[in-house]
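Student: Fold the stuff below for me.
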Amino acid sequence: MSSSKHSKELRRLALSVLQPGFVGTETPDWVLRDISDGLASVVLFARNIASPEQVARLTAQLRAENPSLIIAIDEEAGDVTRIESSTGSTRPGNFALGAVDDIELTESVARDLGRQLHAAGVSLNYAPSVDVNSNPDNPIIGVRSFGVDAALVSRHAAAWVQGLQSAGVAACAKHFPGHGDVAIDSHHGLPTYDADLDEIAAQALPPFRAALEAGVRAVMSAHLLVPAYDPDLPATLSSRILNGLLRKELGFDGLIVTDAIEMGGVTNRYGIEGATVKALVAGADAICVGGEHADEATVDLIVGALVRAVSSGELTEERLAEASDRVQAFADWSIRLGQAVPVNPISGDIGFVAARRAIRLSGSVDDILPLTAPPHVVELVPSTNLAIGKETPWGVAVPLRERLPGTTFVRVHHQELATDPGVLEKYGLLPASGRPMVIVVRDASRNKWMGNALADLAKARPDAIVVEMGLPGASGPGAVQIFTHGATAASGVAAAEFLIGAR
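Tutor: Now for the predicted structure:
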């Protein structure tokens, strides 16, 4: 083979293992060019989505270049939503489903999500998160997990995979080998999972085994250090974890895709080029080039790095070709999966049914609910991790005001409270004088400022109703506590219905 033909073939192989995002609701020319040159996958985020019809047009345009193109999305439902980023998810997330603990319901919710994604032309969903949220201070998983018990997470992981794939969309179990017991957000730094082999086998791996048994054909690696397996390299870059543990010990022969390769957990030390090369050398097959670096220059940079790595011998051409073959095999399988299911664009209400079932109450409920007068609602707003879109609305005040006209509300951020300690008195307590008061929080037990603000408000108003939309902590202040187990639009509606007695 001539050198120019060989370098063209190398570029084709390098492109075929990338799963890049891009900006805009129409396909940029560079993406179409790269698809014709060998790019086998793309990934969609909120910035690519305006409406279901527009996404269907976008995916049709992409597939016109390559009918077996993998079109992925990072759509967990729940708090991490792309397809409903501008409105909030109409389905509760994993933690709410785990709280109900009805695997048929979990399967139905995932099937309903799959129906919507299939109608939009998506073939791979980077979900579910099958991490066991065993560390309550975890800044990145939280309500994205089905719960804290490995057996519960395992049965719901299997049900979610089966539900999604029965609707014609491939699932992806993440974040291997388990991101639930960490205290650092891997978007910014490198977390460490310090458990020993027995603890990892008992706590983190069962949900992945369950997902594999349920037929998952894609697994996403985590950017975290697991010293029991590899003291030096994060899981995404570790052959001991990807080949030794996932391939050999768990027997997985499907597609290994990385978490977004631009995340600090791997780039802080190796840069985006070095991290990509090391991930492929370690056994990853597909490199997600996700949210923050979605442009032609980044893709070209990575392709160049892969070609140079083959030339230098750091990455063998055989390993690159093997990864490319696995991407193509997955693409063919996922297209067949989609073709076996008719497209159904009709929306159901299973998400709202599930959100209602996930509500839990404590306190003097019968004395205070339903509300007989419009309340004043104070929503304490946390800063969320990068997986959760900043544009995604959440809360109880808006759906409550739709159902109970006269409801007023204020949103208080930590920064406002830090600069003006009188904010709670002025905008929280005074407007609530002589009226019912509802305080909405999200992970109050994990956000110290929020816990303190909640305590101050409830001390002044012991009759307040508290709605916790994150992880429930120890029984908190307030006359009534409502726990939604997630901050989706569906959960906000369910809480509003409980407040007015329409349930």
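Student: how near is G274 to V303?
Tutor: 14 Å (Cβ to Cβ, to the nearest Å). Using the backbone N, CA and C atoms, a C-beta is placed for each residue, glycine as well.
Student: Compare these two and say which is more crowded by neighbours.
Tutor: Under the criterion of other Cβ atoms under 10 Å, the comparison of G274 against V303 puts V303 first, with 24 against 16.
Student: A171 contacts A159, doesn't it?
Tutor: No - applying Cβ atoms under 8 Å as the test, A171 and A159 come out as separate, 11.0 Å apart.
Student: ok now do L471, which residues does it touch?
Tutor: Shown in contact with L471 (Cβ atoms under 8 Å, 6 or more residues apart in numbering): 95, 133, 136, 142-143, 443, 445-446.
Student: Among the residues you listed, name the buried ones.
Tutor: 95, 133, 142-143, 443, 445-446 (16 or more other Cβ atoms under 10 Å).
Student: May I ask which of the residues you listed comes out lowest in pLDDT?
Tutor: Least confident entry in the buried ones among the contacts of L471, by pLDDT: G142, with 72.
Student: Okay, now the unreliable bits of the stretch 351-500 of the chain?
Tutor: For the stretch 351-500 of the chain, the stretches flagged by pLDDT under 70 are 384-391, 475.
Student: in it, which spans are helices?
Tutor: 365-368, 397-403, 414-419, 423, 448-460, 489-500 (DSSP state H, counting those that start in this stretch).
Student: Return the most buried member of those helices.
Tutor: helix 489-500 (a mean of 25; mean count of other Cβ atoms under 10 Å).
Student: Point out the other helices and strands that that one packs with.
Tutor: Applying 3 or more Cβ pairs under 8 Å, 6 or more residues apart in numbering; DSSP states H and E, we find helix 489-500 packed against helix 350-357, helix 397-403, strand 480-483.
Student: In a markdown table: the ones you listed, plus distance to L225.
Tutor: Converted to a markdown table, the helices and strands packed on helix 489-500 look like this (distance: least, Cβ to Cβ, whole Å):
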| stretch | distance to L225 |
| --- | --- |
| helix 350-357 | 35 |
| helix 397-403 | 41 |
| strand 480-483 | 33 |
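Student: Which one, of these, ends up nearest to A294?
Tutor: Taking Cβ to Cβ, helix 350-357 is the member of the helices and strands packed on helix 489-500 nearest to A294, at 28.5 Å.
Student: Which residue ranges make up the domains of this protein?
Tutor: 3-339, 359-500 (automatic domain parsing).
Student: what's the closest of those domains to V353?
Tutor: Short answer: domain 3-339, nearest of those by Cβ to Cβ, at 7.8 Å.
Student: now the strands for the stretch 251-400 of the chain?
Tutor: In the stretch 251-400 of the chain, the strands defined using DSSP state E, counting those that start in this stretch lie at 255-258, 287-289, 360-363, 376-381.
Student: The last one packs against which elements?
Tutor: Under the contact criterion of 3+ Cβ pairs under 8 Å, 6+ apart, strand 376-381 touches helix 397-403, strand 408-413, strand 437-441, helix 448-460.
Student: And the first one, by the same measure?
Tutor: Secondary-structure packing of strand 255-258 (3+ Cβ pairs under 8 Å, 6+ apart): strand 218-221, strand 287-289, helix 317-339.
Student: between these, which gets nearest to V55?
Tutor: For V55, the closest of the helices and strands packed on strand 255-258 is helix 317-339, at 14.7 Å, according to Cβ to Cβ.
Student: Could you list the low-pLDDT ranges of the stretch 151-300 of the chain?
Tutor: Filtered on pLDDT under 70, the stretch 151-300 of the chain yields the residue ranges 180-189, 291-293.
Student: circling back to that earlier point, just name the most buried of the domains of the chain.
Tutor: Most buried among the domains of the chain, given mean count of other Cβ under 10 Å as the contact rule, is domain 3-339, at a mean of 21.
Student: ok, V257 to R82 distance?
Tutor: Counting by Cβ to Cβ, the gap from V257 to R82 is 16 Å.
Student: closest to I70 out of the helices and strands packed on helix 489-500?
Tutor: Proximity to I70 (Cβ to Cβ) singles out helix 350-357 among the helices and strands packed on helix 489-500, at 26.0 Å.
Student: Touching the closest one from outside, list them.
Tutor: 77, 89-92, 96-97, 100, 102, 105, 108-109, 112, 484, 486, 488, 490-491, 493-494, 497, 503.
Student: Nearest to E199, out of the helices and strands packed on helix 489-500?
Tutor: strand 480-483 (28.6 Å).
Student: May I have that closest one exported as PDB, CA atoms only?
Tutor: The C-alpha trace of strand 480-483 is given here as PDB (Å, rounded to 0.1, in the frame of the first residue of the first chain):
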ATOM      1  CA  VAL A 480     -44.400  18.400  56.600                       C
ATOM      2  CA  GLN A 481     -41.600  17.000  54.400                       C
ATOM      3  CA  ILE A 482     -42.200  15.900  50.800                       C
ATOM      4  CA  PHE A 483     -39.500  13.800  49.100                       C
END
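Student: Partner strands of it and their direction?
Tutor: Applying DSSP bridges to the sheet, strand 480-483 is found paired with strand 360-363 (antiparallel), strand 465-468 (parallel).
Student: Which pLDDT does the model give N135?
Tutor: Residue-level pLDDT assigned to N135 equals 65.
Student: Revised request: answer the last question for S2.
Tutor: 61.
Student: 45 is where my numbering starts, stick with that
Tutor: Got it, the first residue is 45 from now on, which makes the last one we talked about S46.
Student: how much space is there between the residue nearest to A534 when sequence neighbours are not counted and S152?
Tutor: Nearest residue to A534 in three dimensions, chain neighbours excluded: A399, at 3.8 Å (Cβ to Cβ, 6 or more residues apart in numbering). Computed with Cβ to Cβ, the distance linking A399 and S152 is 13 Å.
Student: unless I'm mixing things up, P136 is touching H529, no?
Tutor: Yes - using Cβ under 8 Å, P136 is in contact with H529, at 7.0 Å.
Student: Pull up the overlap in contacts between these two.
Tutor: Common neighbours of P136 and H529 (Cβ under 8 Å, 6+ apart) are 402, 535.
Student: re earlier: and of the strands of the stretch 295-444 of the chain, who's closest to A504?
Tutor: Here strand 420-425 is closest among the strands of the stretch 295-444 of the chain (Cβ to Cβ), at 11.1 Å.
Student: ok so, going back, okay if I get the strands paired with strand 524-527 as CSV plus distance to A246?
Tutor: As requested, these are arranged in CSV below (distance: least, Cβ to Cβ, whole Å):
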stretch, distance to A246
strand 404-407, 27
strand 509-512, 29
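Student: Sounds good, over and out.
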